[in-house]
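1. build the 3D model from these lines:
(one chain, ligands or ions: 2)
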Amino acid sequence: MSGSLLVDNIGELVTNGLGEGPLGIRRDAAVLVEDGRVAWVGASAYAPAADRRLDAGGAAVLPGFVDSHAHLVFAGDRAAEFAARMAGEPYTGGGIRTTVGATRAATDDELRATVRRLRGEALRQGTTTMEIKSGYGLTVADEARSLRIAAETSTETTFLGAHVVPAEYADRPDDYVGLVCGPMLAAAAPHAKWIDVFCERGAFDVDHARAILACGQAVGLGVRLHANQLGPGPGVQLGVELGAASVDHCTHLSDADVDALAGAHTTTVATLLPGAEFSTRSPYPDARRLLDAGVTVALATDCNPGSSYTSSMPFCVALAVREMRMTPAEALWAATAGGARALRRDDIGVLTPRARADLVVLDAPSYLHLAYRPGVPLIRKVLLNGVPQ
Ligand code: NIG
Ligand code: FE
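-> Ligands and ions are numbered 1, 2, ... in the order given. Next up, the predicted model:
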C-alpha cells in the first residue's frame, strides 16, 4: 500500500523515545507513516495532512512487541508432558528429543504451516518482530531446512543445532559438537543471523558451548545463549565474555552473574522468559535484582511445544508485572525496546522518526491495561511496516 497514513486521535502514545517518563509517553498524539517508516510524531492538533487516516479514537498506541526468543519450527505437541508436570513431574528438558523425532518425520509443508500459524497468532497479539530458532532437527539436513523455513517468515533466524545432543550421538557428544561446528553450521549459516546454545547440565557444558559459539562468530553469526534456566551455571558469564547480544532465561543467577550483566562495558541483555516458569511451574527469575543493578532486561515468549507453548507477549507482560514485580512500564519497555536491544536493532521497539512503522492500537486507553486486564484480547489493530494487518 503506497501513500502516507496518519494515525491520529491517540490518547496515549508510547514512543520509547522523547516524552514523559521512561516510556516517552505523549498524550493526544499522532503518528505519520510514510514508506513503512515513522515520518513524524507530534500533537494530534498539529498533524500534517496524509493520504489516509486511522482514527485511534483516544486509545493507546504502542510500538509492536519484539519477541526475541521463540522456537517455532517443530511438529507435534507435548500436552501430555504438560499435564504430567501439572501433576508433579519436574521439567528437565528431556522432552526436546520427543519433538526432535516428530520434527524429523514432518514434511516441509507441515513445518511451514506451524510456523505460519504461530507467527499469525503472535501478530494478532501485537508481535511485529519475532525471532525464530531451529533446534528440533539436529541433523545437517533438518537444521538447514528448519532455518530455510524460518527465514521465509523472519529475518531474525537463529541456528540452535546445539539444543541437546540427539539420541544417536548420546555416547559421543564430542562428535556431535564436531558436526555442529562443521557441516551443520556450514549448511545452516546461509539462512541464519544468530547462533545459540542450550548451555545447561544435561545439554551442553561451557567448553562445548564456547567452542560452538566461537565457530558461529567466525562465520559472522551473532551470539545468543540459553543460560541458567534449570540451575546455576557458567552460561551467563560465558555470554557476557563473548559479547552475546542476549543471555536468555537467567532464572538462577549468582552475584557474579548479575555483576557481569551490569558491567559498565557489557552490552549483553538479560532476556527473561516467564512463560517457561509458568508452564514448568518453576520459580520466576528475580527481575528486580537485575533491574535494580542496572541490567538491560528484555521479555520474550520462548514459544515452544515443551516449556512455554504461548505466543502471547501481553501474557508475558502480565506475568512479569504480577509474578516478577516489574512495573507495568518496565515490562512494556522490556517487551518492546528491550527485545529490540536483545536483537541489536535500533529501528524497532520505538516509535520515533525513521523507526519502522510497526505499531499496535490497543482496545484500551492505556498500556497499563495489558497487565491490569490479563487474558483479554486488547489488540485492536496492528501496523506492520506501515501496513494495516
Ligand atoms: O528455551 N531450554 C531449552 N529449550 C527450550 C525448551 C525446549 C523444549 O522443552 O522443547 C526453552 O525452554
Ligand atoms: Fe528457548
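2. for the residue nearest to residue 352 when sequence neighbours are not counted, phi and psi?
-> Among residues not flanking residue 352 along the chain, residue 17 sits closest, at 3.8 Å (CB to CB, 6 or more residues apart in numbering). The way it works is simple: take the backbone N, C-alpha and C, and place the C-beta from them, glycine included. Main-chain dihedrals, residue 17, degrees, to the nearest 10: phi -130, psi -130.
3. my read: residue 17 touches residue 24, true?
-> Yes - with contact defined as CB atoms under 8 Å, residue 17 reaches residue 24; the gap is 4.5 Å.
4. what's the overlap in contacts for those two?
-> Taking CB atoms under 8 Å, 6 or more residues apart in numbering as the contact criterion, the residues that touch both residue 17 and residue 24 are residue 352.
5. circling back: per-residue confidence for the residue nearest to residue 352?
-> pLDDT recorded at residue 17 is 96.
6. now do the same contact list for it.
-> Counted by CB under 8 Å, 6+ apart, residue 17 has contacts 24, 41, 350, 351, 352.
7. now stretch 42-58: how far from the chain's centre is it?
-> Stretch 42-58 sits 31 Å away from the centroid of its parent chain (CA atoms, centre = their mean, to the nearest Å).
8. what does stretch 225-238 contact?
-> Stretch 225-238 has contacts (CB under 8 Å, 6+ apart) with 91-93, 196-203, 206, 209-210, 213, 239, 244, 246-254, 256-257, 260-261, 270, 276.
9. ditto for stretch 112-127
-> For stretch 112-127, using CB under 8 Å, 6+ apart, the contacting residues are 62, 64-67, 70, 72-75, 130, 132, 149-150, 152-154, 301, 303, 311-314, 360, 377, 379, 382, 384, 389.
10. whatever residue of the stretch 201-350 of the chain ends up closest to ligand 1: what's it in contact with?
-> Here the stretch 201-350 of the chain gets closest to ligand 1 at one residue, residue 306, 2.3 Å apart by CB to the nearest ligand atom. Contact analysis of residue 306 by CB under 8 Å, 6+ apart lists 78, 81, 91, 93, 95, 96, 99.
11. next, count neighbours for the first one.
-> Neighbour count of residue 78, defined by other CB atoms under 10 Å: 20.
12. what's the answer for the one 5 residues further on, then?
-> Neighbour count for residue 83, taken as other CB under 10 Å: 10.
13. report the secondary structure state of it.
-> Three-state assignment for residue 83 (DSSP: H, G, I helix; E, B strand; the rest coil): helix.
14. next: the one 5 residues further on.
-> When the structure is split into helix, strand and coil by three-state DSSP, residue 88 lands in coil.
15. going along the chain, name the helices of the stretch 151-300 of the chain.
-> Here the stretch 151-300 of the chain has its helices, by DSSP state H, counting those that start in this stretch, at 173-179, 185-188, 206-218, 235-242, 255-262, 274-280, 287-292.
16. which one of those lies closest to residue 322?
-> Evaluated over the helices of the stretch 151-300 of the chain, closeness to residue 322 peaks at helix 274-280, with 9.4 Å, by CB to CB.
17. who in the stretch 51-200 of the chain is up against ligand 1?
-> 93, 95, 96, 99, 198 (CB under 6 Å from any ligand atom).
18. got phi/psi on the residue nearest to the third one when sequence neighbours are not counted?
-> Going back to what we said before, that points to residue 96. Sequence neighbours aside, residue 164 is the residue nearest to residue 96 in space, at 4.9 Å (criterion: CB to CB, 6+ apart). Phi and psi for residue 164, reported as degrees, to the nearest 10, are phi -140, psi 170.
19. kindly export stretch 133-150 (C-alpha atoms) in PDB.
-> Taking C-alpha atoms only, stretch 133-150 is exported to PDB below (Å, rounded to 0.1, in the frame of the first residue of the first chain):
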ATOM      1  CA  LYS A 133      15.200 -20.700  16.200                       C
ATOM      2  CA  SER A 134      16.000 -24.100  14.700                       C
ATOM      3  CA  GLY A 135      16.900 -26.800  17.200                       C
ATOM      4  CA  TYR A 136      14.400 -29.600  16.700                       C
ATOM      5  CA  GLY A 137      16.100 -31.000  13.600                       C
ATOM      6  CA  LEU A 138      19.600 -31.800  14.900                       C
ATOM      7  CA  THR A 139      20.800 -33.300  11.600                       C
ATOM      8  CA  VAL A 140      22.500 -31.300   8.900                       C
ATOM      9  CA  ALA A 141      19.500 -31.500   6.600                       C
ATOM     10  CA  ASP A 142      16.900 -30.900   9.300                       C
ATOM     11  CA  GLU A 143      18.600 -27.900  10.800                       C
ATOM     12  CA  ALA A 144      19.200 -26.400   7.300                       C
ATOM     13  CA  ARG A 145      15.500 -26.900   6.300                       C
ATOM     14  CA  SER A 146      14.300 -25.600   9.700                       C
ATOM     15  CA  LEU A 147      16.200 -22.400   9.100                       C
ATOM     16  CA  ARG A 148      15.200 -22.100   5.500                       C
ATOM     17  CA  ILE A 149      11.600 -22.300   6.500                       C
ATOM     18  CA  ALA A 150      12.100 -19.900   9.400                       C
END
